[in-house]
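[1] heads up, no residue letters with this:
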Ligand SMILES: NC(=O)c1ccc[n+]([C@@H]2O[C@H](COP(=O)([O-])OP(=O)(O)OC[C@H]3O[C@@H](n4cnc5c(N)ncnc54)[C@H](O)[C@@H]3O)[C@@H](O)[C@H]2O)c1
């Protein structure tokens, strides 16, 4: 594969086409070609309205200029969770109105998961829905957030409390953008890739090790991204609205969100999800899961440079309070996505009593 021949494939989702671009070299001149998607899609996506991560706009300005100059309007967005809210959404709508966006104006969003989520929400709601292209620029958004149609903003401190389902018509994967991604953000993406290996494609483990070990090639990272998107694509095409199997994608996130909030966001999302996967594998052992799995996950997280231990474990009271916000809560307890083995994750209901007994024990497994 070279820069001039994007690899196109459909997931089983009726709307989304994924176009991937790998560059043969990492030289500066090749990088310009790696962004060929702008030229290629220019005819079909005329005068788009753009929502762009301001950091990406700054770092990749030289390549994005041609897109900026042919757009009908541009909203540059600072990617901060405290700005992922209805106020910013209102500003994007205002900017769309100012730019004269019509029903046939397409929207292109360039940025990480945060920008994709809010930009897609603006596209899904303005004039009751506009065509959408997503260009994810972080590893996390490439392996996970770009696919599946979830859009959203935070409300009153609760993440993604308001949102819609609006799958992108085209997703452009260009791993070139990862060249400028900070290391910690890269590791966040590796945690989600590991999650996907656990859920549906154990072979991704090997690529994770290769990518973590040495300088990886564009083709290696692309293979990892494509395999992750394939697993997610199969799940969301079965259950777009998350009534059932899509809940499997929350693996690591139930404990992860609790640890992330309890740390007052000192733990990054990927770090917390990694720890969450260890704890949830330890819970699965109680229900008959593979007893080696928690250690195996630990080992792979260490490989990726992600933490496997924490200093302070939240008290039972804090745990119970934070778990209340979990979207998988039911009248009695919660549905947990538990990893029983590689490629064998199961939705398991735990009662509140079971949670109170098991959770503090498995979390103590994470203490330094
Ligand atoms: N819709 C979904 O299915 C889904 C799934 C997972 C996560 N999410 C959402 O995704 C968000 C997290 O996304 P994220 O991890 O991609 O982080 P992010 O979008 O918050 O970006 C992280 C940081 O990286 C910077 N950045 C982005 N691309 C860069 C690049 N190429 N070079 C240098 N810097 C770059 C951003 O400016 C920001 O500072 C959360 O809000 C989460 O709720 C959504």
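    Nice, I can see it. This is a predicted model, so every value here is computed, not measured.
[2] Tell me how far the residue nearest to the spatial centre of the chain lies from the ligand.
    Central residue of the chain (C-alpha atoms, centre = their mean): residue 145, 3.1 Å from the mean position. Distance, residue 145 to the ligand, by C-beta to the nearest ligand atom, to the nearest Å: 3 Å. Bear in mind the C-beta positions are built from the backbone N, C-alpha and C, glycine included.
[3] Equivalent analysis for residue 294, please.
    Per C-beta to the nearest ligand atom, residue 294 is found 23 Å from the ligand.
[4] and what of residue 48?
    Distance from residue 48 to the ligand, counting by C-beta to the nearest ligand atom: 19 Å.
[5] Please point out which parts of the one helix or strand residue 272 maps to sit buried.
    Residue 272 is located in helix 269-286, with elements delineated by DSSP states H and E. Buried residues in helix 269-286, counting neighbours by 16 or more other C-beta atoms under 10 Å, are found at 269-285.
[6] Which residue, neighbours along the chain excluded, lies closest to whichever residue of the stretch 251-368 of the chain sits closest to the ligand?
    Using C-beta to the nearest ligand atom, residue 269 is the residue of the stretch 251-368 of the chain that sits closest to the ligand, at 6.2 Å. Nearest non-adjacent residue to residue 269, counting by C-beta to C-beta, 6 or more residues apart in numbering: residue 188, 5.6 Å away.
[7] Thought residue 140 was touching the one you found, still the case?
    Yes: taking C-beta atoms under 8 Å as the definition, residue 188 is a contact partner of residue 140 at 5.0 Å.
[8] Identify the contacts common to those two.
    Jointly contacting residue 188 and residue 140 under the rule C-beta atoms under 8 Å, 6 or more residues apart in numbering are 269-270.
[9] For the stretch 51-200 of the chain, which segments count as helices?
    54-59, 61-69, 86-98, 113-125, 139-140, 183-200 (DSSP state H, counting those that start in this stretch).
[10] Which of these sits closest to the ligand?
    Shortest distance between the ligand and the helices of the stretch 51-200 of the chain, using C-beta to the nearest ligand atom, is found for helix 113-125: 2.2 Å.
[11] Would you indicate which residues of the closest one are buried?
    113-125.
[12] Could you export those to CSV, including columns for distance to residue 218 and pLDDT?
    What follows is those, written out as CSV (distance: C-beta to C-beta, whole Å; pLDDT from 0 to 100):
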residue, distance to residue 218, pLDDT
113, 21, 97
114, 24, 97
115, 23, 98
116, 21, 98
117, 26, 97
118, 29, 98
119, 25, 98
120, 26, 98
121, 31, 98
122, 31, 98
123, 29, 98
124, 32, 98
125, 36, 98
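[13] out of those, what pair is the most spread apart?
    113 and 125 (18.5 Å; C-beta to C-beta).
[14] rank the helices of the stretch 51-200 of the chain by mean pLDDT and give me the bottom one.
    Per-stretch mean pLDDT for these is lowest at helix 61-69 (a mean of 93).
[15] Which other helices and strands does that helix contact?
    helix 28-34, helix 37-41, strand 49-53, helix 54-59, strand 107-111 (3 or more C-beta pairs under 8 Å, 6 or more residues apart in numbering; DSSP states H and E).
[16] what about that helix, distance to the chain center?
    The chain centre lies 25 Å from the centre of helix 61-69; the measure is C-alpha atoms, centre = their mean, to the nearest Å.
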